[in-house]
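# the following comprises the amino acid sequence and a computationally predicted model.
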Amino acid sequence: MISYLLFACFIGLALAQDFKPYNLTALNLFHNSDFNGNGQFDRSELNDVFQNYDVNYDGRVARHEYLHFISEPLYNFAVILFEDYDCAPPPDGFIDDTDFDVYYKIMDENQDDMVTSDEFVNHWIRVLERNEALHSPTQTTSTP
Ligand SMILES: [Ca+2]
Ligand SMILES: [Ca+2]
Ligand SMILES: [Ca+2]
């Protein structure tokens with residue numbers, strides 16, 4: 001099975017264009033993450049998304065494994081995203097099933113144990129808006 005990397009999708013989109021409009025970016029991300037095509041983001045698909053980051057196959061994704069895939073323009077955004085994913089207290093620098101359980105609940109707005117496409121999209125719009133300064137292409141360090 002061909003797994004798509006959550007962030008590889010992001011990077012592909014970033015290279016092609018801005019993340020805006022966020023709703024379209026989030027919808028693209030949903031389609032690339034809905035592996036079984038049932039129109040919902042299943043809990044198991046959260047594992048699928050991160051599977052390819054787990055370079056040494058120990059069932060968890062270390063910070064360096066995750067950041068290894070991220071190139072410079074989005075590095076700072078990726079650092080924040082990793083902290084978001086490492087959400088089961090206490091943060092331990094690894095993303096594993098305990099973190100996925102918590103993160104899935106965060107995405108699941110109405111708490112019915114299923115993340116719909118709308119919930120997925122709304123979640124990612126919020127994430128993109130919250131971190132706009134970290135991924136906006138208008139951010140430059142050049143001086144006039
Ligand atoms: Ca699905
Ligand atoms: Ca963790
Ligand atoms: Ca739900």
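Received it, and whenever you're ready, just let me know what you need. On a predicted model such as this, the values are computed, not experimentally measured, just so you know. Ligands and ions are numbered 1, 2, ... in the order given.
# residues near Glu109, how many?
As a burial measure, Glu109 scores 14 neighbours (other CB atoms under 10 Å). All C-beta atoms are positioned from the backbone trio N, CA, C, and that covers glycine.
# does the longest helix anywhere in the chain reach ligand 1?
The helix that spans the most residues within the chain, counting by DSSP state H, is helix 117-130. No - Helix 117-130 lies out of reach of ligand 1 by CB under 5 Å from the ion, never closer than 9.2 Å.
# can you tell me the closest non-neighbouring residue to Glu65?
Val55 (5.0 Å; CB to CB, 6 or more residues apart in numbering).
# so where's the protein shaky on pLDDT?
Under the criterion pLDDT under 70, the flagged ranges of the chain are 1-17, 138-144.
# enumerate the residues of it near ligand 3.
Near ligand 3, when you scan the chain using CB under 5 Å from the ion, you find Asp108, Asn110, Asp112, Met114.
# switch the cut-off to 8 Å
With CB under 8 Å from the ion as the criterion, the chain comes near ligand 3 at residues Met107, Asp108, Glu109, Asn110, Gln111, Asp112, Asp113, Met114, Val115, Thr116, Glu119.
# can you give me the neighbour number for the first one?
The local packing of Met107 (other CB under 10 Å) involves 18 other residues.
# ok, it - contacts?
Going by CB atoms under 8 Å, 6 or more residues apart in numbering, Met107 touches Phe41, Val115, Glu119, Phe120, His123.
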